[in-house]
Structures are given as structure tokens and as C-alpha cells.
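Trainee: Next input, structure requested:
(one chain, ligands or ions: 1)
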Amino acid sequence: MNCKTFGAAVFVLATLLFNPGWAQDAPEVDRARTGGAQTLEDIMARQKQLEVDDSFRSENLGDPANAAGISEPLGTLGGRSDPDIWRAVRYNEIDPSTQVRGPAVDVLIQDGGMPWYKLREGPVITYGGGAILAIIILLAVFYFIRGKIRIDGGPAGTKIERFKAVERFGHWLLAGSFIVLALTGLLTLMGRSFLIPVIGQEAFSPLAIGSKWLHNNVAWAFMLGLVMTFVMWVAHNIPNKLDWHWIKSGGGIIGNAHPSAKKFNAGQKIVFWTVMILGFSVSLSGLSLLFPFQMPMFADTFGFINSILGTDLPTALAPHEEMQYANIWHSIVAFLMMVAIIAHIYIGTVGMEGAYDAMGNGQVDLEWARQHHDLWVDEVQAKQRKGESS
Ligand code: HEM
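Mentor: Numbering: from 1, shown residues only. All right, here's what the predicted structure looks like:
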């Protein structure tokens, strides 16, 4: 599956999940008894979240051409009965003027709220939480089978500088903020289902308020960390032929080979680009949530995807729907990142002897460096020799 197809698949999946009625169409309804108006079967089908073709309502909005003359009874309705007008309100086919001023106030009814809520409380929590538990179990099993990746022949005892202070600062800014965001995000998403039943609403309230405050403000540190690490490391993360060789030999994680690598090996490049691409996307959807109705982006994105893939994603979205999509997308991307980062934290700590030092004090054992980044060691030592001789 190439990148575009994968992206489209994720989008289509999200759209399908968004509309729980996707699984089944509602059965045909005979509306002769109601003179074409909604029947009990229609209402029941909607409550079961089946896909109801309600064009019989959404297109039945009256016709100004039918207006009675001004001097005749009901002339002021202008060809539309009260039900016609309320249907127009219901389907957002009217251009109301409201006393309240502000963005999105002229949408009087928008019915994406329940599907959004059900998706967020249901599949997002189940699959997202499930993915986190699954990766933790998988890593525990992996650790049990493979054990810690040791330095063959033990450490050399001499050190080589792997990351400068500014690089480590950028990494920990990104990592620290991500961990705060992940914890407060999970609390916001799952608190209602898992914490309120245990600690009660009164105790949960300050937690939720604090969480929201932290999440909204720490996001800026994450974005700064993302930009810093991107700028400092992008040049070392451009894929090359060596990466293919590294992947083919299982990176030395599976098996005991030590495939050659420069500053970052293919596995780390995958982590880097996952963090950058998902981090950028989670930041964009996060900003759109932080500034409600100011940064709608899904209608345009769906339009773009439709134009490339010929899909039929919705492009006429009410401002509230934009927010609902932003919220669901934000959660999906955050979960993907959390899964990737848990694996990253594993390899940077318990999974590999000597790895943590790289981000701890910046100095790694020379033998570790030779085994995992031999070409980078050659480069550093060549530079040092050049520096000494000049
Ligand atoms: C307790 C948490 C974490 C630990 C212990 C940790 C550890 C490390 C270590 C040791 C390295 C350097 C590996 C090397 O020498 O080449 C590294 C690199 C990196 N870290 Fe982390 N990290 C943590 C959390 C995070 C988080 C939360 C993010 C992003 C959201 C992140 C993103 C990166 C990136 C992009 C790199 C460079 C690519 C790579 O080496 O995989 N790290 N981390």
C-alpha cells in the first residue's frame, strides 16, 4: 500500500466510522398513509442509526412561487408553511439572522453531535486504548524473548559525544511536552468513562480543568520542540540506500547483525518522520480546536482528496462538523503517535544497553557507537583528526 492509498484509507475509515449508520441502509418505507410525511418507521430507523434517505424531508422546503397573494389568507408565509420553514432550519437551508454575534451562530441545527459523541466514547476509546495496551504487551513479550540488546563484547569505557546540549534540550522539550499532552489528553478523553465512576464528579472536576489548562498551554512547547528537532535533524534523516540494507538485516534488533548506519539508522528515520508528520498533523488539528471555527480545514482537505482519488468525501461541512472532524482526527493521530513513542521509549531505555546515555548526558560508549552507527563514528573521528591537524 503506497502512502496516498494509506492516507485515503485512514480518511475513509474515519468518515465511515463517523456515520455509524454506514453498516446498514434503512428499509424502504411506504409513506402513502402520511401523505409523504415522516412515519414512525423513519423515526425508529434514525434512532437505530441506520442510513435513512431523508431527501423527502430535506428537499421538501416549500416553494416561494406557491405564495398566496398578499391579500389572501396566509399570504405572508410566502409559499412556505411553518413545517417547511422548520425543515429548512433543520437542514441548514436557510440564512437566518441572529441577535447573537460570533462565528457559527447562524447554524441553528446541526445533527453531527450524537454520532461524534458515540464515536468518541466508543471506537476511539476502545481501539485507541486497545492499541496502547497491545503495544505495551507486545513490547513486554519482545523483551521476554529477545532480552536487552547488549553491547557485544561489553563497553569500551571511552566516550564519544552523540548529541550536543541544544539537541538534547530540543528532544526533551518535545518528549516532556508530549508526555504531558498524552496524559492530559487521555484524561480528557477517558475520564468520563473510567475516572468519574471511581473518584466521582467532584474530584474529577479540578482534574479535568487542570488537564485542559495544561493541554492547551503545553501544546506550544510541543510545537517548538517539533520545529527545533526538525531543523536540527532533518538533514540526517533523508532516506538513502544504506537504510534498505539496514531494514533487510532486521536492523540488528531481530538477529544479532550490526548493519552499518550513519547518525540515524533506518529505524530511527522511521521514528523521526512518524513524529514529524503525525506531530505536524496533530498540531494543525489541535490549533483548529484551540481556536474554534477560525481554522476549518476538513472541507478543503476532503475536496483535495476527492480530486486526487475520485472519492466522495463530504465537502459542505457546517462549522460544527469541522470541529467534530478535527476532534476525532486529533485523537486518531495522537493514538498513532503514542503507540510509536511507547516503542521508541522502550528501545531508548530498557530495550538497548547504552542507548539512553545519548539523550541523558550526550556521551555514548565508543563500542556502542561503533556497533550501531559505525559510519557516523568514522565521520566524527575524521573531523576530529582534521581539526587536530589544522
Ligand atoms: C522517556 C521518554 C523518552 C526517552 C527515554 C527517549 C530516548 C531517546 C534516545 C536515547 C534517543 C537517541 C537515540 C540515539 O542515540 O540515536 C532519542 C531520539 C529521538 N527521540 Fe526520544 N525519547 C523519549 C521520548 C520521546 C518523545 C515523546 C518523542 C517525540 C514525541 C521523541 C522523539 C525522538 C526523536 C524524533 C528522536 C530522533 C530519532 C531517533 O533516534 O529515533 N522521544 N530518544
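Trainee: how far does stretch 284-295 sit from the chain's center?
Mentor: Stretch 284-295 has its average C-alpha position 13 Å from the chain's average C-alpha position, going by C-alpha atoms, centre = their mean, to the nearest Å.
Trainee: gap between the two ends of it?
Mentor: Stretch 284-295 has an end-to-end distance of 9 Å (C-alpha to C-alpha, to the nearest Å).
Trainee: what about that stretch and the ligand, any contact?
Mentor: No: Stretch 284-295 stays out of contact with the ligand when judged by C-beta under 6 Å from any ligand atom, the minimum separation being 13.6 Å. No exception for glycine: its C-beta is placed from N, CA and C like everyone else's.
Trainee: Just the buried residues of that stretch, please?
Mentor: For stretch 284-295, the buried set under the neighbour-count rule, 16 or more other C-beta atoms under 10 Å, comprises 284, 285, 286, 287, 288, 289, 290, 292.
Trainee: Now the two most distant members of these.
Mentor: Using C-beta to C-beta, the two most remote members of the buried residues of stretch 284-295 are 284 and 292, lying 14.5 Å apart.
Trainee: ok, back up a step: keep only those of the buried residues of stretch 284-295 that are in helices.
Mentor: Filtering those for membership in helices, criterion DSSP state H, returns 284, 285, 286, 287, 288, 289, 290.
Trainee: Show residues contacting stretch 339-347.
Mentor: 131-132, 135-136, 139, 143, 178, 182, 253, 267, 271, 274-275, 278, 355 (C-beta atoms under 8 Å, 6 or more residues apart in numbering).
Trainee: give me that answer again for 10 Å
Mentor: Identification of contacts with stretch 339-347 by C-beta atoms under 10 Å, 6 or more residues apart in numbering yields 128, 131-132, 134-136, 138-140, 142-143, 149, 175, 178-179, 182, 251, 253, 267-268, 270-272, 274-275, 278, 337, 348, 351-352, 355-356.
Trainee: what's the neighbour count on residue 307?
Mentor: Taking other C-beta atoms under 10 Å as the criterion, the count of residues near residue 307 is 10.
Trainee: ok so it is a strand residue?
Mentor: No: according to DSSP: H, G, I helix; E, B strand; the rest coil, the state of residue 307 is helix, so it is not within a strand.
Trainee: Low-confidence stretches in this protein?
Mentor: For the chain, the stretches with pLDDT under 70 are 1-23, 74-77, 254-256, 390.
Trainee: can you give me the helices for the stretch 51-200 of the chain?
Mentor: 55-58, 82-90, 113-119, 125-146, 165-190, 196-233 (DSSP state H, counting those that start in this stretch).
Trainee: out of those helices, which comes closest to the ligand?
Mentor: helix 165-190 (3.4 Å; C-beta to the nearest ligand atom).
Trainee: follow-up on the earlier one: from the ones in helices among the buried residues of stretch 284-295, pick the one nearest residue 221.
Mentor: Residue 221 lies nearest to residue 286 out of those, by C-beta to C-beta, at 12.5 Å.
Trainee: Isn't that closest one up against residue 215?
Mentor: Yes: the pair residue 286 / residue 215 is scored as a contact, 8.7 Å apart, by C-beta atoms under 10 Å.
Trainee: Common neighbours of the two, please.
Mentor: In the contact map built from C-beta under 10 Å, 6+ apart, the residues linked to both residue 286 and residue 215 are 181, 185.
Trainee: From the geometric centre of the protein, which residue sits farthest away?
Mentor: No residue in the chain sits farther from the centre than residue 71, which is 58.9 Å out by C-alpha atoms, centre = their mean.
Trainee: Could you check how far that one is from the ligand?
Mentor: Per C-beta to the nearest ligand atom, to the nearest Å, residue 71 is found 72 Å from the ligand.
Trainee: ok, now residue 336?
Mentor: 12 Å.
Trainee: List the buried residues for the helix or strand hosting that residue?
Mentor: For residue 336, the element it lies in under DSSP states H and E is helix 319-348. Using 16+ other C-beta under 10 Å as the burial criterion, the residues of helix 319-348 that qualify are 319-344, 346-348.
Trainee: go on, stretch 272-280?
Mentor: Buried residues in stretch 272-280, defined by neighbour count with 16+ other C-beta under 10 Å: 272, 274, 275, 276, 278, 279.
Trainee: For the ligand, tell me which of these show up nearby.
Mentor: When the buried residues of stretch 272-280 are checked against the ligand using C-beta under 6 Å from any ligand atom, the ones in range are 272, 275.
Trainee: So which of the buried residues of stretch 272-280 are in strands?
Mentor: With strands identified by DSSP state E, none of the entries of the buried residues of stretch 272-280 belong to them.
Trainee: Would you mind listing what in this structure touches the ligand?
Mentor: 162, 171, 174-175, 178-179, 229, 264, 268, 271-272, 275, 341, 344-345, 348-349, 355-356, 358-359.
Trainee: List buried residues within those residues.
Mentor: Buried residues within these, counting neighbours by 16+ other C-beta under 10 Å: 162, 171, 174-175, 178, 229, 264, 268, 271-272, 275, 341, 344, 348, 355-356, 358-359.
Trainee: List the contacts of the nearest residue to residue 170 once chain neighbours are set aside.
Mentor: Setting aside the residues directly before and after it, residue 170 is nearest to residue 228 in space (C-beta to C-beta, 6 or more residues apart in numbering), at 3.6 Å. Contacts here follow C-beta under 10 Å, 6+ apart; on that basis residue 228 touches 166, 167, 169, 170, 171, 173, 174.
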